[in-house]
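Peer 1: Based on what follows, work out the 3D shape:
(one chain, ligands or ions: 2)
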Amino acid sequence: MPISKPYLQMPIVESGETLLPIPQDLFAFETPHPYEVLGAPYEQASPYFLRKSVLAALQAAQNYLQQLQPHWQIMIFDAYRPIAVQAFMVNFTYDQVLKEKGWHAETLSSSQTEAAWQEVYGLWAPPNLDPKSPPPHSTGAAVDITLFDQQTDEPVFMGSEIDELSVRSHPHYFADLAQNPQTPPNEKRLAEQADQNRRMMCDAMSQAGFQRHQNEWWHFCLGDQMWAWLNQLEQPHLIFKARYGRIEPVGS
Ligand SMILES: C[C@@H](N)C(=O)N[C@H](C)C(=O)O
Ligand SMILES: [Zn+2]
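Peer 2: Numbers count the residues shown, from 1 in each chain. Ligands and ions are numbered 1, 2, ... in the order given. Model prediction:
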């Protein structure tokens, strides 16, 4: 199904900056990697790579965070993603959507097919091969994260799972829930906690120059087309371009 996203129209002037491994000793990591577990085709590539300046900004974000919460770390869920992995995850999610709805691929109507793809592409970027519109993670400038508490040895409470296909993925979902007078007090407390933690993570990332995806509390980008588009929305009097297009790891 052809899918167009407004950020994919943004121009790219490639900087040529290198992809670097994310240091294992500085950050926490979701292991084993969730898409590798599903059998995603990484070949020689690793999901734990980012462009050099994006990695430096991630370190700056963690420094901001640790001024407020010294025992918290940024926890990497996913970073670099080859296009073959993007395609694999898009198809995997499509199958998951059908399963949840109790639909069978062989007997789907065209409106059901359309509805299932809409749901998939509400969250995932299309696995475009066109270099003018790469999937964000294939540029090495997007990262999916949560926070990790080294004192409790647990991820920090964010209210919902990364990649969840639900309204809870929206960054402001728990702020709205906490403010709703019909929310019962125990749910309100949890909603406030999730909202506060999401905000703290977003503040640290924004201080370092990242932009957050409009519909995903965990997805941040710096220098790709989505970042340029979100900056353009905020500062229409300036002109933004992406500085990172699709990149292949050296040796692949
Ligand atoms: C779904 C999530 N893991 C993600 O990365 N979404 C963005 C938009 C993407 O697919 O690039
Ligand atoms: Zn992402």
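
Peer 1: residues contacting the closest residue to ligand 1 within the stretch 101-250 of the chain?
Peer 2: Distances between the stretch 101-250 of the chain and ligand 1 by C-beta to the nearest ligand atom are smallest at A125, namely 3.6 Å. From N, CA and C alone the C-beta is placed, and that goes for glycine too. By C-beta atoms under 8 Å, 6 or more residues apart in numbering, the contact set of A125 is K5, Q86, P135, P136, H137.

Peer 1: Surely Q225 and P136 touch.
Peer 2: Yes. With contact defined as C-beta atoms under 8 Å, Q225 reaches P136; the gap is 7.2 Å.

Peer 1: More neighbours: the two, which one.
Peer 2: Ranked by neighbour count (other C-beta atoms under 10 Å), Q225 and P136 place Q225 first, with 31 against 25.

Peer 1: and that one, what are its phi and psi?
Peer 2: phi -60, psi -40 (degrees, to the nearest 10).

Peer 1: G245 now?
Peer 2: Reported as degrees, to the nearest 10, the phi and psi values for G245 are phi -100, psi -160.

Peer 1: How about the contacts made by it?
Peer 2: I12, E14, P131, K132, P134, T139.

Peer 1: Skipping its backbone neighbours, what lies nearest it in space?
Peer 2: Spatial nearest neighbour of G245, chain neighbours left out: I12 (4.3 Å); criterion: C-beta to C-beta, 6 or more residues apart in numbering.

Peer 1: That neighbour bridge partners, please.
Peer 2: A242 (DSSP bridges).

Peer 1: Can you give me the neighbour number for H33?
Peer 2: Neighbours around H33, by other C-beta under 10 Å: 17.

Peer 1: quick one: contacts for it?
Peer 2: P47, Y48, D78.

Peer 1: hang on, the earlier thing: just the buried ones among the contacts of A125, please.
Peer 2: With burial judged by 16 or more other C-beta atoms under 10 Å, the buried subset of the contacts of A125 is K5, Q86, P135, P136, H137.

Peer 1: ok, and which of those reach ligand 1?
Peer 2: P135, P136, H137 (C-beta under 6 Å from any ligand atom).

Peer 1: buried sites along stretch 83-99?
Peer 2: Residues I83, V85, Q86, A87, F88, M89, V90, F92, T93, Y94, V97, L98 are the ones in stretch 83-99 that count as buried (16+ other C-beta under 10 Å).

Peer 1: is it fair to say Q73 lies in a helix?
Peer 2: No. Under DSSP: H, G, I helix; E, B strand; the rest coil, Q73 sits outside any helix and is assigned strand.

Peer 1: isn't it right next to A28, touching?
Peer 2: Yes. Contact criterion C-beta under 8 Å: Q73 and A28 qualify, at 4.5 Å.

Peer 1: Find residues that contact each of those two.
Peer 2: With C-beta under 8 Å, 6+ apart as the test, Q73 and A28 both reach F148, Q150.

Peer 1: okay, now the residue of the chain found nearest ligand 2: neighbour count?
Peer 2: Ranked by C-beta to the ion, the top residue of the chain for proximity to ligand 2 is H219, at 3.6 Å. The number of residues packed near H219 is 26, by other C-beta under 10 Å.

Peer 1: how about stretch 32-40, does it reach ligand 2?
Peer 2: No. Stretch 32-40 is not in contact with ligand 2 by C-beta under 5 Å from the ion; minimum separation 11.2 Å.

Peer 1: swap in stretch 69-84?
Peer 2: No. Interface with ligand 2: stretch 69-84 contributes nothing (C-beta under 5 Å from the ion), its closest point being 6.3 Å away.
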